[in-house]
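Chemist: With the sequence up front, the predicted model follows.
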Amino acid sequence: MSALWIAHVMVTDEAAYGEYAKRATGAIADHGGVFLARGGAYEQLEGPDRPRNVVARFPSLQAAHDCYYSDAYQEALGFAQGAAQRELSIVEEIA
């Protein structure tokens, strides 16, 4: 069953976060991830406002998990630390 990687982000350092995004894109693709939403228009209805919202679909919950813990993604994540406030969840899709 496929899974969604859902991130809500408030970027505080555009340059560092841009480097994260560039590197993370490759790591996500390497694990079968495909972006469904990446920034763009949104409407905040509840919870903290995070103006960058990203949704990627992975072939499975395990693939999404493996991506997050991969060496390539963890290296990319180093650029996001201190450059953004983020929430990230992996959610299994309904069949």
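Modeler: Noted; the coordinates are in hand. In this text, all values refer to a predicted model and were calculated from it rather than measured experimentally.

Chemist: what's the average pLDDT for stretch 83-95?
Modeler: In this model, stretch 83-95 has a mean pLDDT of 95.

Chemist: May I see the buried residues of it?
Modeler: 83-84, 86, 90 (16 or more other CB atoms under 10 Å). Every residue, glycine included, has its C-beta placed from N, CA and C.

Chemist: Identify those among the residues you listed that sit within strands.
Modeler: Within the buried residues of stretch 83-95, residues falling in strands by DSSP state E are 84, 86, 90.

Chemist: coming back round to it: output the buried residues of stretch 83-95 as CSV; include the columns distance to Gly47.
Modeler: Below are the buried residues of stretch 83-95 laid out as CSV (distance: CB to CB, whole Å):
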residue, distance to Gly47
Ala83, 21
Ala84, 16
Arg86, 13
Ile90, 18
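
Chemist: Looking at these, spot the one nearest Asp13.
Modeler: Closest to Asp13 out of the buried residues of stretch 83-95 is Ala83 (3.8 Å), distances taken as CB to CB.

Chemist: Run the chain-centre distance for the longest helix along the chain.
Modeler: Under DSSP state H, the helix in the chain containing the largest number of residues is helix 14-30. Put simply, helix 14-30 sits 9 Å off its chain's centre (CA atoms, centre = their mean, to the nearest Å).

Chemist: Now do the helices in this protein.
Modeler: Using DSSP H, helices in the chain cover 14-30, 61-69, 71-80.

Chemist: average model confidence for the longest helix of the chain?
Modeler: The average pLDDT within helix 14-30 is 97.
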